[in-house]
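sequence and predicted structure are below.
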Amino acid sequence: MSHLSQAPVTTPEGEPAPSAPTAYSAVEGWFSASDQVLFDWFLTRQDTGDPLPGDLLELGAFMGKSAIFLGGHLRPGEEFTVCDLFGSPVTDESNLAETQSSYPTLTRRGFETNYLAFHPALPTVIQAPTSVVADRVRPKSCRFVHIDASHLYEHVVTDIETSRTVTAPGGVVAFDDYRSEHCPGVAAAVWAAVVRGELHPICVSASKLYATWDDPAPHQEALRAWLEGRADLWHGIDTVAGRPLVRIGDQGAVVPTPPQPLHPAPPAEPAEPAPVPVRRPGARWRRLAKDLLPPVVTRAIVARNKRRRARG
């Protein structure tokens, strides 16, 4: 639990906090339906049977979409830590350039406002480069780690090493953008760790690679059995670096129940009933006459009525 204020922060200029979302779909960010399903499966599996103890960690939060989801799986006595620059200055110029060009609207107050719309308390927030996390999170303490921070190779290498330091035995690490064309540094760093035999992939979706620092076989066995019963996800098995890898695709993935806001939007007031048109006496007969009588007769009747109204 956070040691920080539970109220959203404001900018140094004193700008008001952004309005809180009243639905999960209103939170800005990228979190596909299939990855919501997989996050839910991994985290729920850690809760059932022989529960896996440990905390939660996210490196790179943007506006909090995945953090809000993770926070819904936080158990009593556990800690959820989120690390992000949130627009703060960094010493590495290349990292600063990436942050400013990719995330110009990223702010801590926006993240906190969004998170507090769904949870009563903030996670532990570290506003700093992710390189500091290994010194602030206990070794072998995290059962689930989500990495979606810098796309630069050198920083991803550091994040991978951090995850190895803090992940508990049997824990899962999810890497975002492991194959995206706009961030080859992520792919290079993640697959290098796989080829070296250090990081063991469990499965891949279109956006994320899920792995463990331990034996992936128990995860894969349970995952394949679960996938056999789902028609909304397809899967196949490949061999990478001598180990099996489950590939998962979206066939209309049915997402789990989304996080619910603490203060949902009030129901819309019923619309005012449309006024009932008032028909003048004789209007129906005039329309009928117009449809059935020859035009010459209709014009004569109209002209006669106009003369009568003119005479008063």
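Sure, I can see it.

now the helices for the stretch 151-300 of the chain?
153-166, 184-195, 217-228, 283-292, 295-311 (DSSP state H, counting those that start in this stretch).

so for the last one, mean pLDDT?
In this case it means helix 295-311. The pLDDT scores in helix 295-311 average 68.

rank the helices of the stretch 151-300 of the chain by pLDDT, which is bottom?
helix 283-292 (a mean of 57).

isn't Pro120 up against His263?
No. Under the criterion of CB atoms under 8 Å, Pro120 makes no contact with His263, lying 11.2 Å away. Where C-beta positions appear, they are placed from N, C-alpha and C, glycine not excepted.

what's the burial count for Arg109?
Arg109 has 18 neighbouring residues, counting by other CB atoms under 10 Å.

same check, this time on the one 5 residues further on
For Asn114, the number of neighbouring residues by other CB under 10 Å comes to 27.

and it, what element?
helix 108-116 (DSSP states H and E).

pLDDT at Thr91, what is it?
Here the pLDDT value assigned to Thr91 is 59.

most residues in a single strand of the chain, which one?
strand 167-176 (DSSP state E).

show me what that one is in contact with.
Applying CB atoms under 8 Å, 6 or more residues apart in numbering, the external contacts of strand 167-176 come out as 35, 39, 42, 46, 52-54, 60, 140-148, 163, 186, 190, 199, 202, 207-214, 218-219.

any idea how far Gly197 is from Glu221?
If you measure Gly197 against Glu221 using CB to CB, to the nearest Å, the figure is 20 Å.

ditto for Leu122
Separation of Leu122 from Glu221 (CB to CB) stands at 37 Å.

start to end distance for stretch 127-142?
19 Å (CA to CA, to the nearest Å).

repeat that for stretch 119-133.
Using CA to CA, the end-to-end distance of stretch 119-133 comes to 23 Å.

let's number from 45 now, not from 1
Okay, residue one is now 45; in that scheme the one you just asked about reads as stretch 163-177.

re earlier: just checking, what packs against the helix holding Asn158?
Where contact means 3 or more CB pairs under 8 Å, 6 or more residues apart in numbering; DSSP states H and E, helix 152-160 is packed against helix 109-115, strand 124-128, strand 168-171.

who wins for proximity to Pro302 among those?
helix 109-115 (8.0 Å; CB to CB).

where in the chain is pLDDT low?
Flagging of the chain using pLDDT under 70 yields the residue ranges 45-62, 134-150, 312, 318, 320-346, 353-356.

can you flag which of the contacts of strand 211-220 belong to strands?
Residues of the contacts of strand 211-220 located in strands (DSSP E): 186-191, 246, 252-256.

out of these, which one sits closest to Asp294?
Closest to Asp294 out of these is Lys252 (12.2 Å), distances taken as CB to CB.

OK, contacts around the closest one?
79, 82, 218-220, 222.

make TSV out of the residues you listed and add distance to Ser132 and neighbour count.
Below are the contacts of Lys252 laid out as TSV (distance: CB to CB, whole Å; neighbours: other CB atoms under 10 Å):
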residue	distance to Ser132	neighbour count
Asp79	27	24
Leu82	31	23
Ala218	25	24
Phe219	24	28
Asp220	21	21
Tyr222	26	23
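
re earlier: mind checking which of Leu166 and Glu265 has more residues around it?
Per other CB under 10 Å, whichever of Leu166 and Glu265 has more neighbours is Leu166, with 22 against 10.

from Phe219, how far out is the more buried one?
From Leu166 to Phe219 the distance is 25 Å (CB to CB).

can you check Lys350 too?
82 Å.

Gly280 now?
For Gly280, the distance to Phe219 equals 20 Å [CB to CB].

run a quick neighbour tally on the nearest residue to Gly293 once chain neighbours are set aside.
Counting by CB to CB, 6 or more residues apart in numbering, Trp278 is the residue found nearest to Gly293 once chain neighbours are left out, at 4.6 Å. Here the number of neighbours of Trp278 (other CB under 10 Å) works out to 12.

wait, Trp278 sits on Gly296?
No. Counting by CB under 8 Å, Gly296 is not a contact partner of Trp278; they are 10.4 Å apart.

quick one, what contacts the spatially closest residue to Glu205 that is not a sequence neighbour?
Distance criterion CB to CB, 6+ apart; nearest residue to Glu205, sequence neighbours excluded, is Ala178 at 7.4 Å. Contacts here follow CB under 8 Å, 6+ apart; on that basis Ala178 touches 205-206, 209-210.

with distance to Val126 added, can I get the contacts of Lys252 in JSON lines?
Converted to JSON lines, these look like this (distance: CB to CB, whole Å):
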{"residue": "Asp79", "distance to Val126": "18"}
{"residue": "Leu82", "distance to Val126": "20"}
{"residue": "Ala218", "distance to Val126": "14"}
{"residue": "Phe219", "distance to Val126": "17"}
{"residue": "Asp220", "distance to Val126": "14"}
{"residue": "Tyr222", "distance to Val126": "21"}
